[in-house]
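# only geometry, no sequence info:
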């Protein structure tokens, strides 16, 4: 992340801030045998600390833990380091700031010298705009309010606001808008006024869209994802959103939507939709580490055959075979599943995907109650509706036939209501809003999920209950840089209740908590109500709260400091402050292409109980 920022600021410094040339650009020479960096000496700095300046640099001091990949001097990168430090000063108002980079080699080790001349700091004065369209004036004013008078003058932000103004006009039909920036110095350059001069240009409308590169797919399958029509007002956002929708069909490896005849038809240009298709038929085999709600770490295997573009219509059909095994505490098969899946992306001509799933799960020991085996088969019909770019809603109907068998004779009284065959008919509704920037390693945003399930009742069947879960995750960055330095929080509430006093919530419908994905420091599924033998019964109400500080460590490692709390109960009367269980701890993560592999240790905190000790947890992906 640091190097990416360095390259960006170096580019800005070179192109926009020509006054920021460094001594490093002309005088530093590379040496053949790169020495280890012993120290970095910074002088001339008063506004920024040494740590802040060194943090901008790619070159870093070698530490004892860098034995796998030692930090060696690369003289050419010192040029980039000088530009990055210059940029740090320039974007904070020191427009004449200059950095000289040099190094000395002593006893085969390098000492890097950073000499800074800060100059005078300039502050932002009055910010205004002239020209433009009256109907877009309020939108432009809203953008300019971001610039507060008296803060350090930042030429990069001025350029960014210019782009935002152009975007407003481009999304309103004026892609040829010209925005000129005029600056005026006051009080010996200590204050700089900024004026944006806007010339909107002529209004533009969309022309026709032509498809290229299709062999398997009917052109209308791609074109129906385009959100604009011929004759509509031009919008840059609509072009980008159309490409995203086409990509989400998963039919194509490459997508581009570009103007076709800009010079001939500048006011109503046509567009070329260039596509490279995926092959419809496929066979896949996947294996890898996974995390689920009930286990620390599992090894999953998945085989799949399918057609992702039936008859060129975008419909999908697949058959999958899946198995999952716990591999940490003991080797145990926790899930097997055979399923046939069908997807209708546009149901009845409306962008309302219909998902059909028919499955069979052979009998294995229950993850929650090892006293019996559970086997099921059934099917689900689900509709998916998207509202904007962040919100999705699922609703549908499910049928399930669950068979409970293998209960020991001394346990049959305990599971009498569950033994035999349970026919379940259910209605499902889920709402999800996801504004995270990255689902695997989120640095900002939030994730909210509300799911509900109505089983039995007027639908019929042996089980009659209602169940819902609310989960809210928030990721707050603690640094302005795009790096892992965030405070992550989660709140989760689950509730299950029988529809009448004569009904019963089966143990496999209840909530189980404790472990790597809920409350660390406790064994998997060990918390909540227990029977007289100390075995978990499952809860009908759960409350979970988590808070984590997540930061980078070095190389591909990161660390977390966390606190977890909550518990499970059979009724609201049992929910008391003393019954809340809390754990605290720390963890280390190794970042892989499929997400962080983490090792956590949770220490149980004594609160209203006699719990002592702690527990290690090995899993993949963050807890939330």
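Sure thing, it's come through. Bear in mind that the values here come from a model prediction, so they are computed numbers and not experimental data.
# quick one: secondary structure of residue 88?
helix (DSSP: H, G, I helix; E, B strand; the rest coil).
# count of neighbours near it?
22 (other Cβ atoms under 10 Å). Glycine gets a C-beta too; all of them are placed from N, C-alpha and C.
# If you drop the residues flanking it in sequence, what lies closest to it?
Computed as Cβ to Cβ, 6 or more residues apart in numbering, the closest residue to residue 88 that is not its neighbour in sequence is residue 56, at 5.3 Å.
# residues of stretch 323-342 that come out buried?
Across stretch 323-342, burial judged by 16 or more other Cβ atoms under 10 Å covers 323, 324, 326, 328, 332, 334, 335, 336, 339, 341.
# residues making contact with stretch 568-580?
Contact with stretch 568-580 is made by 511-513, 527-529, 537-543, 565-567, 607-609, as judged by Cβ atoms under 8 Å, 6 or more residues apart in numbering.
# Run the chain-centre distance for that stretch.
33 Å (Cα atoms, centre = their mean, to the nearest Å).
# Over to stretch 513-520?
Centroid separation between stretch 513-520 and its chain, computed with Cα atoms, centre = their mean, is 21 Å.
# What score does residue 412 have for pLDDT?
pLDDT recorded at residue 412 is 58.
# now swap in residue 425 and tell me
Taking residue 425 on its own, its pLDDT is 95.
# Can you give me the distance of the closest residue to it other than its chain neighbours to residue 359?
In space, and not counting its chain neighbours, residue 425 is closest to residue 459: 3.9 Å by Cβ to Cβ, 6+ apart. According to Cβ to Cβ, to the nearest Å, residue 459 stands 19 Å off from residue 359.
# hmm, back to that, between the buried residues of stretch 323-342, which is closest to residue 159?
Ranked by distance to residue 159 (Cβ to Cβ), the buried residues of stretch 323-342 are led by residue 341 at 48.4 Å.
# In contact with that closest one: list those residues for me.
306, 316, 317, 318, 319, 320, 355, 356, 357, 358.
# Look up the pLDDT of it for me, please.
97.
# Now do the same for it: helix, strand or coil?
On the basis of three-state DSSP, residue 341 is classed as strand.
# Could you give the bridge partners of it?
Per DSSP bridges, the residues bridged to residue 341 are residue 318, residue 357.
# circling back: could I get the buried residues of stretch 323-342 as JSON lines with distance to residue 495 and secondary structure?
As requested, the buried residues of stretch 323-342 are exported to JSON lines (distance: Cβ to Cβ, whole Å; DSSP: H, G, I helix; E, B strand; the rest coil):
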{"residue": "323", "distance to residue 495": "32", "secondary structure": "strand"}
{"residue": "324", "distance to residue 495": "27", "secondary structure": "strand"}
{"residue": "326", "distance to residue 495": "28", "secondary structure": "strand"}
{"residue": "328", "distance to residue 495": "30", "secondary structure": "coil"}
{"residue": "332", "distance to residue 495": "29", "secondary structure": "strand"}
{"residue": "334", "distance to residue 495": "25", "secondary structure": "strand"}
{"residue": "335", "distance to residue 495": "25", "secondary structure": "strand"}
{"residue": "336", "distance to residue 495": "30", "secondary structure": "strand"}
{"residue": "339", "distance to residue 495": "29", "secondary structure": "strand"}
{"residue": "341", "distance to residue 495": "30", "secondary structure": "strand"}
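# And the furthest pair within the residues you listed?
Of all pairs in the buried residues of stretch 323-342, the most separated under Cβ to Cβ is 328 and 341 at 30.0 Å.
# List only those of the contacts of residue 341 flagged as buried.
Looks like the contacts of residue 341 have 306, 316, 318, 320, 355, 357 buried, using 16+ other Cβ under 10 Å.
# export those to TSV and tack on distance to residue 581 and pLDDT?
Shown next, in TSV, are the buried ones among the contacts of residue 341 (distance: Cβ to Cβ, whole Å; pLDDT from 0 to 100):
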residue	distance to residue 581	pLDDT
306	44	96
316	44	97
318	42	97
320	38	97
355	38	97
357	36	97
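# Which one of those is nearest to residue 399?
Of the buried ones among the contacts of residue 341, the one sitting nearest to residue 399 (Cβ to Cβ) turns out to be residue 357, at 10.9 Å.
# OK, contacts around residue 132?
Contacts for residue 132 (Cβ under 8 Å, 6+ apart) come out as 140, 169, 198, 199, 200.
# Tell me both backbone torsions, phi and psi, for it.
phi 80, psi -170 (degrees, to the nearest 10).
# Next, find the distance separating it from residue 374.
For residue 132, the distance to residue 374 - Cβ to Cβ - is 66 Å.
# repeat for residue 226
For residue 226, the distance to residue 374 - Cβ to Cβ - is 47 Å.
# same question, residue 572
Distance of residue 572 to residue 374, given as Cβ to Cβ: 28 Å.
# of those two, who's got more company?
More neighbours surround residue 374 than the other of residue 572 and residue 374, with 23 against 10 (other Cβ under 10 Å).
# Torsion angles phi and psi at the more buried one?
The phi/psi pair for residue 374 (degrees, to the nearest 10) reads phi -130, psi 130.
# wait, doesn't it sit right on residue 401?
No: contact criterion Cβ atoms under 8 Å: residue 374 and residue 401 do not qualify, at 11.5 Å.
# Now list whatever residues contact both of those two.
The contact lists of residue 374 and residue 401 share no entry, where a contact means Cβ under 8 Å, 6+ apart.
# mind giving me JSON lines with the contacts of residue 341 and columns for distance to residue 78?
Output for the contacts of residue 341, formatted as JSON lines (distance: Cβ to Cβ, whole Å):
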{"residue": "306", "distance to residue 78": "53"}
{"residue": "316", "distance to residue 78": "53"}
{"residue": "317", "distance to residue 78": "58"}
{"residue": "318", "distance to residue 78": "54"}
{"residue": "319", "distance to residue 78": "58"}
{"residue": "320", "distance to residue 78": "53"}
{"residue": "355", "distance to residue 78": "56"}
{"residue": "356", "distance to residue 78": "61"}
{"residue": "357", "distance to residue 78": "58"}
{"residue": "358", "distance to residue 78": "63"}
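# now, which of the residues you listed sits nearest residue 215?
Here the nearest of the contacts of residue 341 to residue 215, counting by Cβ to Cβ, is residue 316; it sits at 17.9 Å.
# what about the residue nearest to residue 88, neighbour count?
23.
# Show me which of the buried residues of stretch 323-342 is closest to residue 218.
residue 341 (22.1 Å).
# Make a markdown table from the buried ones among the contacts of residue 341 and add distance to residue 213 to it.
Converted to a markdown table, these look like this (distance: Cβ to Cβ, whole Å):
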| residue | distance to residue 213 |
| --- | --- |
| 306 | 23 |
| 316 | 21 |
| 318 | 25 |
| 320 | 30 |
| 355 | 28 |
| 357 | 32 |
